[in-house]
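Q: what follows is a predicted protein model with its sequence.
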Amino acid sequence: MKTALALAALALGADAFAPAAPATRAATAVNSVWDDYAGGVDFRGKKFEYDPLNLAASYPPLVPWMRECEIRQGRTAMLAVIGFITTDFVRIPGDMYSFEAIPRTIDAHDALLKSGPMYQLALWIGLWDLVVTTSAMQATGNGEREPGDYGWYWFAPKDEAALEKKKVAELLNGRLAMIAVGGIATQSIVTGHGFPYI
């Protein structure tokens, strides 16, 4: 009985080392998210299609929404980096914004939350989302506009290839800024210093 069980185990275990049957591919080409959207490159301009959780292939109807969110968060992060660094050197007029009232930029959130300006900021961002973002996202979902496109082309290049290059640059700079704003906040808290945060 033991010999029969050992032989059966060996026979079943051998299947694990047998070559797998070749997978058959469909004859039709699958359109990748990287074919439709800019941004499948790294900072050197080389191909870099990063989607480790395979979200684009798993949820194709949500890809425009995800791209819109990436562009919006990148734009916000780029403004945040500029704001973090600028307020270490320059402040707007008013006693509540002075260097004496708020010596470090990182402390501005809590100080301005207590005095009220942060509530105005939340109100204006909320109104922008209700008036502009909601209708823009509906248009994106219906295929009437590209993600992140508000039709503001005052400074955009006229050449299509140059515009595509600017879109990729915006994505890469936004991705970098999203990481940078976290690093700036962390370094500012850890070191207790402003720019250059060391």
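A: Looks like it arrived, so ask away. Residues are numbered from 1 along each chain as shown.

Q: backbone dihedrals for Val41, please?
A: phi -130, psi 160 (degrees, to the nearest 10).

Q: err, Phe195, not the other one
A: Per degrees, to the nearest 10, the backbone of Phe195 is at phi -60, psi 130.

Q: count the neighbours of it for me.
A: Other residues near Phe195 come to 15 when the count uses other C-beta atoms under 10 Å. (C-beta placed from N, C-alpha, C; glycine too.)

Q: repeat that for Gly148.
A: Neighbour tally, Gly148, other C-beta under 10 Å: 21.

Q: try Asp51
A: Asp51, neighbours per other C-beta under 10 Å, totals 15.

Q: how close does it get to Arg72?
A: 19 Å (C-beta to C-beta, to the nearest Å).

Q: what's the closest non-adjacent residue to Ser188?
A: Excluding the flanking residues, the one nearest Ser188 by C-beta to C-beta, 6 or more residues apart in numbering is Ile106, at 4.3 Å.

Q: how about that neighbour, what does it touch?
A: 185, 188-189 (C-beta atoms under 8 Å, 6 or more residues apart in numbering).

Q: just the ones of the residues you listed in strands?
A: Per DSSP state E, strands hold no members of the contacts of Ile106.

Q: can you tell me the SS state at the spatially closest residue to Gln187 that is not a sequence neighbour?
A: Spatial nearest neighbour of Gln187, excluding adjacent residues (C-beta to C-beta, 6+ apart): Tyr197 at 3.7 Å. Taking DSSP: H, G, I helix; E, B strand; the rest coil as the rule, one finds Tyr197 in the coil state.

Q: same check, this time on Ala101
A: coil.

Q: ok now the helix or strand that contains Leu163, how far from the chain's centre?
A: Leu163 belongs to helix 160-191 when assigned by DSSP states H and E. Per C-alpha atoms, centre = their mean, to the nearest Å, the displacement of helix 160-191 from the mean C-alpha position of its chain is 9 Å.
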